[in-house]
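1. Just the structure for this:
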Amino acid sequence: MQQSTFEKSKFAANLSRLRREKGLSQRQAATELGVSQALLSHYETDAREPKLDFVIKVCDYYGVTTDYILGRTHEREDGSSRLAVKLGIIVDSLEELKTSEAFLLSKLKTLTKSTG
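-> Numbers count the residues shown, from 1 in each chain. The predicted structure follows:
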C-alpha cells in the first residue's frame with residue numbers, strides 16, 4: 001500500500017486524524033479496537049494494509065462511512081444519516097406547530113364565547 005515516501009494513503013491519514021480528534025493515544029485506540037499498538041501504528045503510517053473486518057470496525061468505532069475512511073469522500077456520514085437528522089428537525093417543528101395551533105384554537109374559542 002506504500003504510495004510514496006512523502007504521501008500516506010488516505011486510509012492511514014484518516015485513521016490517524018480520527019484518533020487524534022477523539023483525543024486518544026495509539027495505545028488507547030488500539031485497545032478499544034482490539035489490536036496491538038504496534039499494528040495500529042503500522043496502519044497509521046501505511047506500513048501495513050488492514051483487512052476488511054478492521055476497516056468496518058474502525059468505521060463503526062469512529063462513526064464514519066467506509067467511503068470516508070478510504071478517502072473516497074469528505075463526508076463523514078452517509079446521506080441517509082444527514083437526511084434522518086433533517087427529517088427529525090422537520091417533525092419536531094411540526095409538533096411545535098400543532099401545539100401552537102391547538103393553543104390558538106383554544107384561545108379563539110374562548111374569545112368567541114366571551115363576545116357572543
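
2. Could you check how far the lengthiest helix in the chain is from the centre of its chain?
-> As assigned by DSSP state H, the longest helix anywhere in the chain is helix 79-115. Remark: helix 79-115 is offset 29 Å from the chain centroid, using CA atoms, centre = their mean, to the nearest Å.

3. same deal with stretch 28-38?
-> How far stretch 28-38 lies from its chain's middle: 21 Å, per CA atoms, centre = their mean.

4. Please work out the average pLDDT along stretch 103-116.
-> For stretch 103-116, the mean pLDDT works out to 77.

5. related to what we said a few turns ago, by contact count, what packs against the longest helix of the chain?
-> Packed against helix 79-115, as judged by 3 or more CB pairs under 8 Å, 6 or more residues apart in numbering; DSSP states H and E, are no other helices or strands. Any C-beta I mention is one placed from the backbone N, CA and C, and that applies to glycine too.

6. Now that helix: buried residues?
-> Going by neighbour count (16 or more other CB atoms under 10 Å), nothing in helix 79-115 comes out as buried.

7. Can you pull out the low-pLDDT segments for this protein?
-> For the chain, the stretches flagged by pLDDT under 70 are 1-7, 78-82, 84, 115-116.

8. The same query, at a cut-off of 90, please.
-> For the chain, applying pLDDT under 90 flags the ranges 1-8, 73-116.
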